[in-house]
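Q: What would the 3D arrangement of this be:
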Amino acid sequence: MTLESCGLLFWNLFMTHQSRVVFIGVSVIQGYVAHSAEISFRQRFKAQNDVAFTRERTESILNTLMPVMVVEELRDFSISQEFPSHHYRNATIAQSDLCGFTRLASTRRPEEVVEFIGELFGLFDELTDKHEVYKVETVGDAYIAGQAEAPLTFKNSPLCVVRFGLEMVQKTNKWSRDRKEQVSCRVGVHSGECIGGIVGTEMQRYHLFGKLMTEVEVLESTAPEGRVQVSRACKDAVDKQLRLEGMSESLMFEERLEETLRTSKGEEHSYDEDSDSFKFISNLVGPQNIFPV
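A: Reported below is the predicted structural model:
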């Protein structure tokens, strides 16, 4: 006799009608409970995955809005505490401007303008990863990035920031040739002190403040198109790094001989305005000299 036939015999001989009803009812309830438990398990599993995905995305967004070490610092702060601020004594910051982009944008559809700036800034973003440079912010078609001591960046190399600026020029030139457009890039690079901190209550970001930021903007605005202009302070910082690290890399600096520096809008800036670190602006770095010679 098979197990199935034994069960059927037991059902017919020993179970009353009432018992059968109870048995069926219990079985239905157990099945429903098991089904509900399975659905609950699946929902919990999906919720956990969603939470993990959201946490990863939040972490990724935070790491683009703020330096990684600042994000780590924030985890140790309570809600009642003020956001941390930092005094950087050895920062090197680069600021670029896209020459000809405003004219190009005036002749194109909005979606094309967004596409173009997205492509160019995407190239610059790749360079920040390559040179371990922190992207501070973008203002219009200006791109600002740099390095300093912790917690801004893990690495602090004036040479890397200068290389970053040189490659921004190269990448823009290649993009312009490939697109058959008339767009170039000019970059200013400066070294000195600045303050970093989180500001605002909405759309909070980590910003840098101080004369350094004002001066690097002047360096950028007075740089010739397609060139990287550095301050004397930046050149000295690069030379010091090369000397201390025993590096043989050679960059060709060309001294500016004009009496004043002039922006594309005709504004003039003297070499000795505002601060001691700024008055020595006198050097150009040729983009052709990005690699050791």
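
Q: any chance you could map the helices in this structure?
A: Ranges of helices in the chain, per DSSP state H, are 3-14, 17-65, 68-75, 101-105, 110-131, 158-179, 211-221, 232-244.

Q: And this protein, what are its domain boundaries?
A: Structural domains annotated on the chain: 20-65, 80-289, as defined by automatic domain parsing.

Q: picking up where we left off before, and the helices of the chain, which one averages the lowest pLDDT?
A: Note on these: helix 3-14 shows the lowest mean pLDDT, a mean of 53.

Q: For residue 91, give me its contacts.
A: Going by C-beta atoms under 8 Å, 6 or more residues apart in numbering, residue 91 touches 146, 147, 148, 149, 152, 191, 192, 193, 194, 208, 212. Where you see a C-beta, it was placed from the backbone N, CA and C, and this is true even at glycine.

Q: In PyMOL, select just the buried ones from the residues you listed.
A: Buried residues within the contacts of residue 91, by 16 or more other C-beta atoms under 10 Å, are selected in PyMOL with:
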select buried, resi 146+147+148+152+191+192+194+208+212
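
Q: export the contacts of residue 91 to a markdown table and tack on distance to residue 237?
A: Formatted as a markdown table, these follow (distance: C-beta to C-beta, whole Å):
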| residue | distance to residue 237 |
| --- | --- |
| 146 | 12 |
| 147 | 11 |
| 148 | 11 |
| 149 | 13 |
| 152 | 15 |
| 191 | 4 |
| 192 | 9 |
| 193 | 12 |
| 194 | 14 |
| 208 | 17 |
| 212 | 12 |
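
Q: from the contacts of residue 91, which single one is nearest residue 176?
A: Set against residue 176, the nearest of the contacts of residue 91 by C-beta to C-beta is residue 146 (24.4 Å).

Q: Next up, the contacts around the closest residue to the closest one other than its chain neighbours.
A: Of all residues not flanking residue 146 in the chain, residue 93 sits nearest, at 3.6 Å (C-beta to C-beta, 6 or more residues apart in numbering). The contact partners of residue 93, taken as C-beta under 8 Å, 6+ apart, are 136, 144-146, 161, 189-191, 194, 208, 212-213, 216.

Q: how near is residue 93 to residue 163?
A: In this view, residue 93 and residue 163 are 14 Å apart by C-beta to C-beta, to the nearest Å.

Q: And residue 219, by the same measure?
A: Per C-beta to C-beta, residue 219 is found 17 Å from residue 163.

Q: More neighbours: which of those two?
A: residue 219 (27 against 23; other C-beta atoms under 10 Å).

Q: Tell me, how many residues neighbour the closest residue to the more buried one other than its chain neighbours?
A: By the measure of C-beta to C-beta, 6+ apart, the closest residue to residue 219 outside its immediate chain neighbours is residue 188, 2.8 Å from it. Number of residues near residue 188 (other C-beta under 10 Å) recorded here: 27.

Q: Residue 170 now?
A: A count of nearby residues for residue 170, using other C-beta under 10 Å, gives 16.

Q: just residue 269 next, same as before
A: Residues lying near residue 269 (other C-beta under 10 Å) number 18.

Q: got it, and residue 260?
A: 12.

Q: now swap in residue 76 and tell me
A: Neighbour count of residue 76, defined by other C-beta under 10 Å: 8.

Q: can you check residue 114 too?
A: Per other C-beta under 10 Å, the neighbour tally for residue 114 reads 12.

Q: next one: residue 173
A: The local packing of residue 173 (other C-beta under 10 Å) involves 15 other residues.

Q: Could you check stretch 83-92 and say which residues are buried?
A: Buried positions in stretch 83-92, judged by neighbour count with 16+ other C-beta under 10 Å: 86, 88, 91, 92.

Q: Could you find the lowest-pLDDT member of those residues?
A: Lowest pLDDT of the buried residues of stretch 83-92: residue 86, 94.

Q: Show me what it bridges to in the sheet.
A: Under DSSP bridges, the beta-bridge partners of residue 86 are residue 196.

Q: how close does it sit to residue 198?
A: Residue 86 sits 10 Å away from residue 198, going by C-beta to C-beta.

Q: before we move on, what about residue 139?
A: Residue 139 sits 18 Å away from residue 198, taking C-beta to C-beta as the criterion.

Q: Equivalent analysis for residue 146, please.
A: Distance of residue 146 to residue 198, computed by C-beta to C-beta: 17 Å.

Q: related to what we said a few turns ago, between residue 139 and residue 198, which one's more packed in?
A: residue 198 (16 against 11).

Q: nearest residue to the more buried one other than its sequence neighbours?
A: residue 83 (4.1 Å).
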